[in-house]
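>>> Dropping a prediction and its sequence here:
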Amino acid sequence: MKTQTLALAPFLHLLDDTMESCAADRLGLRASMDRYLPVAARALGAEGAVVRTHDETRAVATCAWGKASERDLNKFPNRRAVVRSGGRTWFIQPLNVAGRVIGSAAFVFKGIPADPKSLAERTNFAWEQLDLVLWMIQSSAFKQEVIVSITRSLTRVVFRDALHDALVAFRKAARFDELAIIYRDDDQTPASRVLYRVYRGSKCVARRGSKPHAGLERGLRAHGAGILAPGKELVGKSLGFSHPVSWPLIAGVKHPVRLGEIVISAPQGLDTFGRDLLHVLANAVSQRLVDYNRERRHLAQFFAPEVIDELLVDPDYVIKNLSPRVTEAGILYADINSFTKLCEKALIAPERIGAFVDLWSSGAVRIIWKHGGVFDKMVGDCVIAHFGPPFYRSSRQERARAATAAAFEIQAFTKGLERNPEYKRLARKAGIPGLGVAVGVNLCPAAVGLYGPNRDLTAFSRGMNETARLQSHAGFREIAVMESVVKVLRKEGLAKGLAFEGPLTTQVKNVKRPLKYYLVRRK
């Protein structure tokens, strides 16, 4: 055996040197075969050689030299064999890389070889020399294919579907037991908006909300968004994975922001190929998450988080829910009483004025969301909201009731700010009877949808203008409602516990007819 190996040594060195030169020159499949096949065939005494495999683009490619062609290869079975045909002998062999058949190859000899057994062994050595080059080409092509699959998956409009498809594509290419991704759906949101998905194989076995993971839930309760802090490996510990491998999800270069983390359970370790793909996956998901968060932040100007969640599961939500439409909407305008006096005599400093308005408006918007409303905008210290969008599932009665209920709660919230130590003496300093709001409520047709260059959700109608004028007419802690609201509440038996003063009328600026309205209070 030793003598046989020594006899093969020059032959193997020749093949090895040839393949090394191909690798050193970074030749592709066809250029490598153009160099290698004639060297190997002549060393074997063959008349020709042919190889069929996949090239760098994963397309089937056939490379031939001498008296051999793809047509010849098609005549023979795709297995190791010695075939005599037309006065020639073919030595055929499948090509294997990492236990996977990736093509077939053959050498052709004139006549019948004197020592077919020895020649078969030498042809086998010749094809084995291709393993390194073929492995590099196949790995590169396969990696590119996976990258394309991941990238294509992440173009899906619905983020959770895009993420799922990308993770499944990655799972098919990399070897591991379990995978988890944990991320913030907005880099400014609290821990309640930290989401996760846990996979076993290609199946999602846990996700925030519907299928909680006990360990991650404990981790989030203990650390909140700090579970994503770098260097502490809190996610891996919370998951309880065996031999975890993690990779951060990061956005930004100059000022990087940690958006989340991908963690893999890989008891056998993650090879270089798998780590490369994990890096690709993390980068692609990070960019998609940036786009997703940008979309959420835009919607967060108007909608409560749970409303955004429902919108974003529909790829056509902009057309279905946010395109302009005329609807009978509940309208609310709420303005802080005596705001000018508060600013000039009590708050005084610009930063204090800003902090007060920020505190009040944030509370008012939370109340609007609580009652199913949409925040339109602030004009000065006036909050504007409408009820009905974006799903338009509520009835006109429910919209009128929700707008009225929100008005009462905003009034109570504003009055309650007097219990805040910082604002306890604010009204006294300003020389006003207390903190309160003047509110106008209406139920009227309006064109609601995304408008303007910034695609802001807003509403337009004569009724909107009337509500603005009505609110400006309301006095200290007064809630003024248009006649349309009162009629609906009384007709549907929704006025229980409410006392109405009116009807009242007032002539207001830029409105032709006097407004007919009521003042409403709780009994």
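Received, thanks.
>>> give me every residue that touches Val101.
By C-beta atoms under 8 Å, 6 or more residues apart in numbering, Val101 lies in contact with 78, 94-95. (Glycine included, C-beta is placed from N, CA and C.)
>>> looking at this, Val82 is in a strand?
Yes. The assignment for Val82 by DSSP: H, G, I helix; E, B strand; the rest coil puts it in a strand.
>>> which residues pair with Leu457 across the strands?
Leu450 (DSSP bridges).
>>> Do I have it right that it meets Lys377?
No. The pair Leu457 / Lys377 is not scored as a contact, 9.0 Å apart, by C-beta atoms under 8 Å.
>>> Which of those two has more residues huddled nearby?
Regarding Leu457 and Lys377, a neighbour count based on other C-beta atoms under 10 Å identifies Leu457 as having more, with 24 against 14.
>>> so Arg275 sits in a strand?
No. Read with three-state DSSP, Arg275 is helix and lies in no strand.
>>> Tell me how far it lies from Lys143.
The span separating Arg275 from Lys143 equals 11 Å under the rule C-beta to C-beta, to the nearest Å.
>>> One more: Tyr196?
27 Å.
>>> Check Val253 and give its pLDDT.
With respect to pLDDT, Val253 has a value of 69.
>>> Ok, Met136 next?
pLDDT, read off for Met136, is 76.
>>> Just the buried positions in the helix or strand hosting it, please.
Element membership for Met136, per DSSP states H and E: helix 131-153. Buried residues in helix 131-153, counted by 16 or more other C-beta atoms under 10 Å: 131, 133-134, 136-138, 141-142, 146-147, 149-151, 153.
>>> Do I have it right that Ile331 meets Pro445?
No. Between Ile331 and Pro445 there is no contact under C-beta under 8 Å: 10.4 Å.
>>> Pull up the overlap in contacts between those two.
Gly463.
>>> In terms of neighbours, single out the busier of the two.
A side-by-side neighbour count of Ile331 and Pro445, using other C-beta under 10 Å, places Ile331 first with 31 against 14.
>>> rewinding a little: CA atoms of the helix holding Met136 as CSV?
Coordinates of each C-alpha in helix 131-153 appear next as CSV, following Å, rounded to 0.1, in the frame of the first residue of the first chain:
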residue,chain,number,x,y,z
ASP,A,131,-13.6,19.1,-3.4
LEU,A,132,-12.1,22.3,-2.1
VAL,A,133,-12.9,24.4,-5.1
LEU,A,134,-16.4,23.0,-5.5
TRP,A,135,-17.0,23.5,-1.7
MET,A,136,-16.0,27.1,-2.0
ILE,A,137,-18.1,27.7,-5.0
GLN,A,138,-21.1,25.8,-3.6
SER,A,139,-20.8,27.5,-0.2
SER,A,140,-20.6,30.9,-1.8
ALA,A,141,-23.5,30.2,-4.1
PHE,A,142,-25.6,28.6,-1.3
LYS,A,143,-24.8,31.6,1.0
GLN,A,144,-25.9,34.0,-1.7
GLU,A,145,-29.1,32.0,-2.2
VAL,A,146,-29.9,32.2,1.5
ILE,A,147,-29.1,35.9,1.6
VAL,A,148,-31.4,36.5,-1.3
SER,A,149,-34.1,34.5,0.5
ILE,A,150,-33.7,36.4,3.8
THR,A,151,-33.7,39.7,2.0
ARG,A,152,-36.7,38.8,-0.1
SER,A,153,-38.5,37.7,3.0
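>>> Specify the residue positioned farthest from the middle of the protein.
The C-alpha centroid of the chain is most remote from Ala114, which lies 65.8 Å away (C-alpha atoms, centre = their mean).
>>> sorry, back to before: including distance to Ala300, could the buried residues of helix 131-153 go into TSV?
Putting those into TSV (distance: C-beta to C-beta, whole Å) gives the following:
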residue	distance to Ala300
Asp131	54
Val133	53
Leu134	51
Met136	47
Ile137	48
Gln138	46
Ala141	42
Phe142	40
Val146	34
Ile147	32
Ser149	31
Ile150	28
Thr151	27
Ser153	26
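>>> Between these, which sits nearest Asn74?
Leu134 (20.3 Å; C-beta to C-beta).
>>> so who does that closest one touch?
Contacts for Leu134 (C-beta under 8 Å, 6+ apart) come out as 53, 95, 97, 102-103.
>>> same deal with Val198?
178-180, 204-207, 213, 216, 239.
>>> try 6 Å
180, 205-206, 213 (C-beta atoms under 6 Å, 6 or more residues apart in numbering).
>>> Widest-spaced pair of the residues you listed?
Top of the distance list for the contacts of Val198 (C-beta to C-beta): Ala180 and Val205, 9.7 Å.
>>> more neighbours, the two?
Between Ala180 and Val205, counting by other C-beta under 10 Å, Ala180 is the more crowded of the two (27 against 13).
>>> what's the strand or helix carrying Cys204 in contact with?
In this structure, Cys204 sits in strand 203-207 according to DSSP H and E. Outside strand 203-207, the residues that touch it by C-beta under 6 Å, 6+ apart are 197-198, 213.
>>> Nearest to Val481 among those residues?
Closest to Val481 out of the contacts of strand 203-207 is Arg197 (46.2 Å), distances taken as C-beta to C-beta.
>>> and the closest one, helix, strand or coil?
Arg197 falls in the strand class when you classify it by three-state DSSP.
>>> bridging residues for it?
Bridge pairing for Arg197 - DSSP bridges - gives Ile181, Arg207.
>>> Downstream of the helix-or-strand element of the chain with minimal mean pLDDT, the next helix or strand is which one?
The helix or strand of the chain with the poorest confidence is helix 2-24; it has a mean of 76 (mean pLDDT, DSSP states H and E). Next helix or strand after helix 2-24 toward the C-terminus (DSSP H and E): helix 29-44.
>>> buried stuff in that next one?
Under 16+ other C-beta under 10 Å, the buried positions of helix 29-44 are 29, 32-33, 35-41, 43-44.
>>> who's in contact with that helix?
11, 14-15, 18, 22, 49, 51, 55, 61, 63, 65-66, 107, 122, 126, 133, 137.
>>> Arg88 touches Val108, doesn't it?
Yes. Between Arg88 and Val108 there is a contact at 5.4 Å, judged by C-beta atoms under 6 Å.
>>> coming back round to it: ok, of the buried residues of helix 29-44, which one's closest to Glu351?
Leu29 (67.2 Å).
>>> what is the mean pLDDT for stretch 181-188?
76.
>>> same question, stretch 84-100
Across stretch 84-100, the average pLDDT comes to 85.
>>> i'd like the first residue to be 4 from this point on
Happy to do that; since the first residue is 4 now, the last one works out to stretch 87-103.
>>> gap between the two ends of it?
This stretch, stretch 87-103, spans 27 Å end to end (C-alpha to C-alpha, to the nearest Å).
>>> List the buried residues of the helix or strand where Asp294 lies.
Following DSSP H and E, one finds Asp294 within helix 275-302. The neighbour-count check on helix 275-302 (16+ other C-beta under 10 Å) flags 276-281, 283-285, 287-289, 291-293, 295-296, 298-299, 301-302 as buried.
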